[in-house]
Each structure stands twice: as structure tokens, then as C-alpha cells.
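Colleague: Please work out how this folds:
(chains A and B)
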Amino acid sequence: MSAADMKAADPPVSVPRAPEGEPQLAKNVNRRPRKAGALLPYLLIAPAFVAIAAVFVWPFIKTIIMSFQDVGRRELWSGSSAPWVGFDQFTNILGDGEFWDVVWRTVAFMVLCVFATMAIGLALAMLMQRMSTWVRLLLTAALVAAWSMPLLVATSIFRWFADSDYGVLNMVLTKYLGIDAQGHNWFLDPKQGFVIIGAVVVWGAIPFVSVTLYAALTQVPKELEEAASLDGSGTVGIFRYVTWPVIKPVFQMVATLSVLWDFNVFGQIFLMRGNKPEPEYSVLGIYSFEKAFESNSFSQGAAISLITVLLLSGVAVYYLRQLLKIGEVE
Amino acid sequence: MSTSTPQVLRPDRKKSRIGYNIAGLVAFVLMAFPVYWLVISALRPNAEIRSYDQTLWPSSITFDNFSRAIKQPNFGTAIESSLIVCGVAVLGGMLLATIAAFAIGRFRFRGRKFFMIVLLVVQLLPPTAMLIPIYIQLNDLGGLNEYWGVIVIYLVSTLPFATWMIRGFVINIPQELEESAMVDGCSRMGAFWRVTFPLLAPGLAAASIFSLITAWNEYLLAYVVLQDNDKYTLNVWLMNFTTSRGIDYGALMAASTLIAIPVVAFFLLVQKYMATGLTSGAVKG
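Modeller: Residues are numbered from 1 along each chain as shown, chains lettered A, B, ... in the order given. Next up, the predicted model:
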């Protein structure tokens, strides 16, 4: 699931656990080797494993297979086997200038969104440490409300903000800031359109980032900060040498997840442009979707998806290594 | 004169706190405004929505937008579809997730770590990348435009996260409870169902709410797979709200509010698990 698409689907950083209990537990199990029970765990994970293999692993293999075939509308409906085309799909895609435009657009959008999300998220988290309790409670309530907004609803709201005739954005610009924006269409120029889209993405991601970082900040020992301050460290020094080392693993984890989510951004653009984004609004997800479902070239779409997964695999591996390092998977 | 130092310091600190509070209030307004605007647009008269001079506060409150929204065709069937699809998917997912979580939480076996990594990796696959092969597969199996097609995909999509989350609760329940039940004559699974399972209730509730929210918020697969108007889930129904004649923003905001209310309510229930659990593993390690 993607960024604002409900952080409930977040990978498991958010699992309550008791690390202390586990090693002892392992010993208990090992002490009683029971032959008869040896098969039991496999039987227990079998249904989940088969289900995941069928709905995640097989489709992924299928994506790879399809990328080397030519599956179009005819193959889909008649069930006739698709011809093999070798690397043709890839040479076509990689040789297409439009594809590279899409890639750079996706990368640029991702970088800007991740940067904005992490910067604002960290700033808010540090603010929350310093503000009065009642302000923090108010802000937390707003964060939770924003967090729980379904992506579809959040996108509708921002679309309504940016409405050229009756949107509150143009009204505020015209009335309070003296810029004549009456009737201004934000989506005519994709740069401006992406500002609105980026705003939904960042607004939707900030709650997760700032709440997580705030929780990490509470783990920074107060005494260390005080000691550093007594030793003459300024605010920057304290942050650099005391706070940052403690929150760094969490920060990296959240930033990595943001990279994955924002690179895969789909819904916000798709819905903002009325389910039919213009070519100037294509990012990799949209491009692949349109190739498959609008042009009925399912193989092209699959090949683009595969390229996307390959581009992201480095980030995903980095994320997994972080998880393994901090012992989430013991 | 000895008290002069604190007297100098205190107003200083207070002043800086005020600065932070003001910044915090600005952040509060920016984060809350979209939600405020959603609710207020849903409740204000249509004349105010179609006005060049949007006011921050409505002149009067009306439920006209809501009645226009629910009078859109297929609202009733959309609720029904959403409930069927999400309900069955979550129940099925919980069953599979609970037994798998018991296995990885209680046993050490070859392949356990591999399975856990699989659970993580599949969550990193971009959903839009999986859409094309899943669509083709459902087409081959005759699952297009059928509830079961969507149900199966939702069930499995929520499975990795739910398994991981329930495992977190399983390992927090002392193993000794099961052992004593086994001493008293329970089988291994009997001990789990009779002793551990009831204690898992809060964890199961939280995990099923997470799954429910995820399924409830999904729109793309349903949009692609379900083609009949009377099979649309609520989200697909909402996506088809915009007509070529323009958007009835009042009704759109009202409908969006209706869809968001259950999510917000459920979210509040499990919110503490998101906030507290997030870093317990990460930072302490």
C-alpha cells in the first residue's frame, strides 16, 4: 500500500514486542525436542504461506514472464498463448524518450516529497518536545485526524482546495495575499499541479513521520542533553552529538519507507486528475497502469513494473538490512 | 542578589516556550485545516460552496449535501459490497494470520526466518506493479467482476502485516501458561486455543482493525476488477462521483465524510498501538 494509503499497512516497525522474553523462550523450546511436533509449525504456516505465494510471489513471477511476452487484448480474452518476444519490450521501453521523462519526473517528485516530509516531520517532532502539553495534545489530535483520512478522501479535499472557481486556495491568494488567482487552474501547468499533489502526499505522510520521530526523541536521555549543555554545547551541537545518534536508526527507517512510498505514488495523482492523468502527470506507476489498462499492452505495463521494482530493490534491501540489524527479525 | 540568576533565566525560558507554542499552533492549524474543510464543506449550504467568496465559517448548517450524496445511484449496494468484501477478507485473514503467528512466535524451526523475511519483502512490493498480473490471473480464473476475486486479494494483502502484528502479541504471552495446560493434559494446539488465544483478544482486535482499515481504504483493485455498478465498493462509488458536467463538491465532501467516519473511529481505537509500538524495537536495539 502506498504512502498516505493508511499507515496501518506499514511494515512492522510498529509491533509491540518484548525483546527480553525471547531468548529464554527459545531455550524452552529447544530443551524439549519433540519429534511428533516437528511438523506442526509447518502445518500452521502452510495456509498463510500458500496464500502469500499465490497472491504475491506467483504474480511477481508472472510479471517477469509477461515482460518477455506480448500479452495484449486478444491474448487476454481468447486465452491463446502469448508469443515470446525476448527483450523487445525492454528495448522498446528503454529506447523511448517518454519513459525516461517519466523516470526523471518520478525521481524528482520522490526526492522533493521525501525531503519535505522528513524535514517537516522532524521539525514537528522536535517542536512537540518543547511545546506546552495542551498544544502538544491539540497537535497530536490534528495529526491523528490527518493520519486516519483515507487517501481517496484526502485527495478529494485537496482537489476541492485547488478548484479553479470555488477553491479556498485561490480565494485566500486573491483576498489575503493580493495575488489575482481568481479562476486560476492549478493543473494546467504540471509543475503547479505537482505542488498540489505533493501537498497531499506530504500532508498525509507527516503524521506517521512526526509521531514516530517524536517517540524516538523521547528515548534520548535527558541527562546526556543536560551534560552536553553544561559542557558548553549549543543547540546544534547537542542535536548533532546527543540527539541524532539516538534517533538515527528510526530516522533512516522512516526515510527509507518514505522513499519507497513516494516513488510508488499513484492514487494521489490518479484521483486528482479524475482517473485519467494527462501524460505530463505520468509517474512510473501511472505510466505502467495506463500502458496496461488504457493501451491494453499488458506486457509493456508488466515490463515497466518490473523495471520499477528493480530500481527500488536496492532501497528495499537497505530497509530489510536495517530491520535485521536492529533485531526485528531475530 | 543570589536569586538574580533564576529571575533572569525564567522569563527567558517562558518566552522561548511561547515561541514553540505559537509554532505548534500554526502546525496544528495547517494539519487540521483539510479535515475541518472537509466537514465544513459537507455541512454548508450549496450556495456557499458555489461562491467565489469562500468563508471560513458557514452561515448555516444543512444536511442537504448528505441527502444528495446518498441519493446517488448505488449507494446502498456500495455499502453492502464494502461490508461483504471487507468483512469476509478480514475474518479469513485473521484466521490464517493467527495460526501462522502462533507458529513463528512459539516454535523454532528451519525456514522460520525465511518465512518472516518473506512477510516483510512482500509488503515492499509496489501494489500497482502487482495489479497487472493479478488482473490477468483473476481473468483466467473467472474472478473478474466477482466479489471473491477482490476478497481473496484483500485477505492476502492484509495477511503479512496482521501475522507480524499478532506475533508481537503472542511472544508477550508467557509460554508457561501453555505448558501448564499441557501438563494438565491439553495437546499443543489445545493449549494454544484454550489458554493463549483468549489472552490474544486485544491483539486480534487491533490487528483486525488494521486489516479492516486497509481493506476499507483500497480502491484501485476494486476499481479495476469490479465492473457492474451494483458491485462497486464505497470507494469505487466515490470515484465515479465526478461527472462530466463538473463536480458536486458539496455532495462529494459529504460522501467522503461518510466514508471517513468509520475509519477515524476505528483508527482512534488502535492509535495507541501505532504510537507506542513504533519505536520500541527500533530504538532500544
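Colleague: OK, contacts around residue B:144?
Modeller: Taking C-beta atoms under 8 Å, 6 or more residues apart in numbering or on different chains, we find residue B:144 in contact with B:135, B:138, B:225, B:227. From N, CA and C alone the C-beta is placed, and that goes for glycine too.
Colleague: So the first one is in contact with residue B:226, correct?
Modeller: No - if you go by C-beta atoms under 8 Å, residue B:135 and residue B:226 don't touch, sitting 11.7 Å apart.
Colleague: Now that we have the contacts of residue B:144, which of them are buried?
Modeller: Buried members of these, scored by 16 or more other C-beta atoms under 10 Å in any protein chain shown, are B:135, B:138, B:225.
Colleague: Using JSON lines, please lay out the residues you listed together with secondary structure, distance to residue B:189 and pLDDT.
Modeller: Shown next, in JSON lines, are these (DSSP: H, G, I helix; E, B strand; the rest coil; distance: C-beta to C-beta, whole Å; pLDDT from 0 to 100):
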{"residue": "B:135", "secondary structure": "helix", "distance to residue B:189": "38", "pLDDT": "91"}
{"residue": "B:138", "secondary structure": "helix", "distance to residue B:189": "34", "pLDDT": "91"}
{"residue": "B:225", "secondary structure": "helix", "distance to residue B:189": "36", "pLDDT": "93"}
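Colleague: For chain A, state which of the residues you listed is nearest.
Modeller: Proximity of the buried ones among the contacts of residue B:144 to chain A (C-beta to the nearest C-beta) peaks at residue B:135, which lies at 7.8 Å.
Colleague: what mean pLDDT does whichever strand or helix holds residue A:310 have?
Modeller: Assigned by DSSP states H and E, residue A:310 belongs to helix A:298-325. Taken as a whole, helix A:298-325 carries a mean pLDDT of 90.
Colleague: And it, what does it pack against?
Modeller: Packing partners of helix A:298-325 (3 or more C-beta pairs under 8 Å, 6 or more residues apart in numbering or on different chains; DSSP states H and E): helix A:58-67, helix A:88-94, helix A:244-263, helix A:284-293, helix B:112-124, helix B:127-141.
Colleague: Pipe the buried ones among the contacts of residue B:144 into JSON lines and attach distance to chain A per row.
Modeller: JSON lines is the format used below for these (distance: C-beta to the nearest C-beta, whole Å):
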{"residue": "B:135", "distance to chain A": "8"}
{"residue": "B:138", "distance to chain A": "10"}
{"residue": "B:225", "distance to chain A": "11"}
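Colleague: Run through the residues that contact the residue lying closest to residue B:107 once chain neighbours are set aside.
Modeller: The shortest distance from residue B:107 to any residue other than its chain neighbours is 3.9 Å, reached at residue A:41 (C-beta to C-beta, 6 or more residues apart in numbering or on different chains). Contact analysis of residue A:41 by C-beta under 8 Å, 6+ apart lists B:103, B:104, B:106, B:107, B:109, B:112.
Colleague: will you turn the residues you listed into a markdown table that also has neighbour count?
Modeller: Below are the contacts of residue A:41 laid out as a markdown table (neighbours: other C-beta atoms under 10 Å in any protein chain shown):
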| residue | neighbour count |
| --- | --- |
| B:103 | 25 |
| B:104 | 25 |
| B:106 | 22 |
| B:107 | 18 |
| B:109 | 18 |
| B:112 | 17 |
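Colleague: of all those residues, which comes closest to residue A:150?
Modeller: Of all the contacts of residue A:41, residue B:104 has the smallest distance to residue A:150: 30.6 Å, by C-beta to C-beta.
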